[in-house]
Structure formats: structure tokens, C-alpha cells
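Undergrad: this one's structure only:
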């Protein structure tokens, strides 16, 4: 795979290599997050274990090559961003009830003409909910009936598996798989970096049952507001291409469902209908495996007449030194054909609704720890390889988000509670021969390359 090199990435990669060569093993005893951990531990002790705080922070520099220029952003120039700074709080209210929330912040150091962000600093509460252990409150015999928990508030939607394991330090790559970026809206557009995690207001019932000689069965049934759009089409996002002599046409990129989720402080839906989400999973006793199925159904339009239905499957296999992850998701959208919601001038074939359509995405990711060192075996090097593919509209003649991609990454746990990640990727756009002239004039290429270096610290 040939990846185009960027000067910024080359400098940072060189620093990463030199730092690794000259880092002594004694650094394994260094813990730059110890001061924060001391504070959170003190709070935990002072409250008798009722308040538990944790968090992480990560920043990155990222380059693209081959992405089209927009009138308000150019991601082909280097982006320097404090991607996330999250503080998690779990507060025990009783033996059976606790409250949980995440305060999430980000900061953009990049020129606004490149990043396109409206403000440098953004902060919000990503989720906030109460969790009641019904089986404990009613003193059930869980060996016989299993356990039941009820969660209400703004919750992480239990669809597939990536969403509920979203914190970056739980992953091996910083970039998101297409299943979590384009289809299931775990993350919004890669430039904004606001509201990580697909959250929604509702209630979730979680029944789990452990059979000693078989494994863990887990079922989650959630009723939420659901995904929706105030527009007459679901994928209503639009961008303005910077196409030079060919002008600045406004077009719909058909980028999936990220724009269909509600804002963090929204308690209402676009319609009166609620969406239903079901997730089932199984973890056998004899194998470090988790497999499961997910299903979502709800009306997305204001009148409540048109449905969005999603089906998904996941697989996680994790051992001490290596892991394998995979997800597949398909979404079927009811939509009226022939609607053009873009009022600005632009290629009609790009902006016009295709009617009912389907979206799908999948990925397979493998990671292997090929080196461990240090006094307490805390330092390591992990290699990561991911293949994924996405189709955000099977009826559209061309969309830049119908593509396949390969990502190669290296994660280095160089100091306790800190990691460096370097990753490169190449995307190949489907049906590029059908790409409209303005897209190519704006610098859009058949292959889009990306290089990113990230620093992650957690406590």
C-alpha cells in the first residue's frame, strides 16, 4: 500500500522513533497522571467510595491527502486538535442505584479556514443517567432468574458493541470504523469532534444471566427518541465545494446517519414515535469471545410515516497478546424519491433524493502485542491492522462515502497510563468514474490518504 507522506507526520514519526530508542526502562515507574489519580482517590475515600471519578485526554495531529476542498475547511492541511478531554463521574446513591455522567470537552488549535469549526472550545455532557439494579433492590435469586438493571436518562445507545466501549484508551486505533462513523452514528464528522458516542434520551432494560457451565447471556431492550431529521430527507447534510473555476456548488455528500442523531441537550424527537433497540450477546465460559446481534427500528420523519431499520452483528475475541474485532451493520431507509432539499444551485443528480435506499458497512480489525518491556511489564508495542468498507447510499450514482479502506497502526504504551498512536490509512472511492466535475476540480481524488499521530493519557 503506497501512502503519500506529509512533512508534519514525518517529523512526528521521527520523534516517536527516537523517543522509543532512548527511553530507558526506568521510565516504566513514571506516572504523569499520578497527581490527578491522587485527587480522585482522595475524593473516593472521603465519600466512602460513593463518588468515583476517572477520565482521559487525547490530542492529535492529522493530515489528509486527496480529500476535496470545501469553502469553509481544507482538511488536506494539518489539523492540530485536543480531540477529547473527558471526565467520568459515577455516584452511588444507594446499594441499588447510581448516577453516571461524562463531561466532554475539545479544543481546536488549527486555523479555522482549515478545520471549519465554529468555535475553538466545545464542551458538553455526553450522557447522564440513573441506573437501578432491580434484582438487588427486590432481593432476587439471580442464580435462578438472572439480574435486571433499568437505566433512564440520556444513555449510550446499546447498538453493536463499539458505542458502549467508545473511550479512546479502550481502542487500539484513534480513527473510527465505518460502522461507527457513517452508519451507527457513534461519532459525528471527523472534523468537529463533538459528542462522541451515540446517545439518546430514553430507558433501557438490561437482563443478564450467568450459567456456570455455559457462559453469560445478555439482553438489552431500549426505548429511545430515535434518529430523525427536520428535513424531508434523512441524510440532509450539505457542503459547499471549493471547485475553483467551476464555482462553489452546494451538494449533499450522503455521509450516513451522523447528522440524524439528536443534540446532547435535546429531550424531544422530530415526531411522537419512539424507536426500539434490541441488543443480544453471548460470552462462553471456555473462550474469550463475545458475539451478538443488534436491531433498531423507528420513524425518522416529522410525520412519523417513514421508518429507519438497522440490523447489526458483532464479534470480539480478546486474549492477553492479541485481539480480533468485527462488526457488520445494514440500514434500510424509507424515503420519497425526487426531493431536492438543497436550495442553492448545484448538480441536481447529487442533490435529488433516490427514494428508498440501503446503507451498509463492515470492518475486521486485528491487534497483536509483539513487545513488552519494563520492570512491571506495563510498556508495550501493539500493531494494528483494519479493513473496512462502507456504502452510504446504494441508489446514488456517486457519493464520496462509498469506499473501502485499509488502516495500519502502531500503539506504544511508553509511560504508565499514557500511549502514543501512529496510524496511516488509504481509502479507495467506489464508482469514481461517475464523480462529478466540481468534486474533481475541488481536489477530490479516487484515493484519500490519512496520517495521524495521537497522544492519550488516562486516569
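TA: Sure thing, it's come through. Just so you know, these numbers come straight off a predicted model, no measurement behind them. Numbers count the residues shown, from 1 in each chain.
Undergrad: which SSE is residue 35 in?
TA: Assigned by DSSP states H and E, residue 35 falls within helix 34-46.
Undergrad: could you pull out the buried residues of the helix or strand that that helix is followed by?
TA: For helix 34-46, the succeeding helix or strand toward the C-terminus, using DSSP H and E, is strand 51-65. Using 16 or more other Cβ atoms under 10 Å as the test for burial, strand 51-65 gives 52-65. C-beta coordinates here come from the backbone N, C-alpha and C atoms, glycine included.
Undergrad: next one: stretch 230-238
TA: Buried, per 16+ other Cβ under 10 Å, within stretch 230-238: 231-235, 237-238.
Undergrad: repeat that for stretch 240-252.
TA: Under the neighbour-count rule (16+ other Cβ under 10 Å), stretch 240-252 has 240-243, 248-252 buried.
Undergrad: before we move on, what about stretch 350-363?
TA: Buried residues in stretch 350-363 (16+ other Cβ under 10 Å): 350-354, 357, 359-363.
Undergrad: nearest to residue 113, of the buried residues of strand 51-65?
TA: Nearest to residue 113, judged by Cβ to Cβ, of the buried residues of strand 51-65 is residue 64 at 14.9 Å.
Undergrad: the closest one: what's it in contact with?
TA: 75-76, 448-450 (Cβ atoms under 8 Å, 6 or more residues apart in numbering).
Undergrad: partners of it in the sheet?
TA: Applying DSSP bridges to residue 64 gives these bridge partners: residue 450.
Undergrad: per-residue confidence for it?
TA: Note on residue 64: pLDDT of 93.
Undergrad: ok, residue 12 next?
TA: 49.
Undergrad: same check on residue 191?
TA: 49.
Undergrad: also the one 5 residues further on?
TA: The predicted structure scores residue 196 at 78 on the pLDDT scale.
Undergrad: where in the stretch 251-400 of the chain is pLDDT low?
TA: 376-377 (pLDDT under 70).
Undergrad: tell me where it has strands.
TA: 275-284, 289-299, 307-318, 322-333, 337-340, 352-354, 357-373, 379-391 (DSSP state E, counting those that start in this stretch).
Undergrad: list just the one of those that sits closest to residue 174.
TA: strand 379-391 (10.4 Å).
Undergrad: how near is residue 46 to residue 36?
TA: Going from residue 46 to residue 36 by Cβ to Cβ, to the nearest Å gives 16 Å.
Undergrad: give me the more crowded residue out of those two.
TA: residue 36 (19 against 10; other Cβ atoms under 10 Å).
Undergrad: what about the residue nearest to the more buried one when sequence neighbours are not counted, how many neighbours?
TA: Sequence neighbours aside, residue 459 is the residue nearest to residue 36 in space, at 4.8 Å (criterion: Cβ to Cβ, 6 or more residues apart in numbering). Using other Cβ under 10 Å as the criterion, residue 459 is surrounded by 21 other residues.
Undergrad: next: residue 406.
TA: Quick note: residue 406 (other Cβ under 10 Å) scores 15 neighbours.
Undergrad: what sits against it?
TA: Taking Cβ under 8 Å, 6+ apart, one finds 1, 385-387, 425-426 in contact with residue 406.
Undergrad: quick one: distance of the helix holding residue 35 to the chain centre.
TA: When C-alpha coordinates are averaged (Cα atoms, centre = their mean, to the nearest Å), helix 34-46 and its chain have centres 29 Å apart.
Undergrad: and that helix, which residues are buried?
TA: For helix 34-46, using 16+ other Cβ under 10 Å, the buried residues are 36, 40.
Undergrad: quick check: angle from it to strand 51-65?
TA: For helix 34-46 against strand 51-65, the angle by axes from the mean of the first three to the mean of the last three Cα atoms, to 10 degrees is 150 degrees.
Undergrad: what does helix 34-46 contact?
TA: Contacts for helix 34-46 (Cβ under 8 Å, 6+ apart): 31, 51-55, 417, 459.
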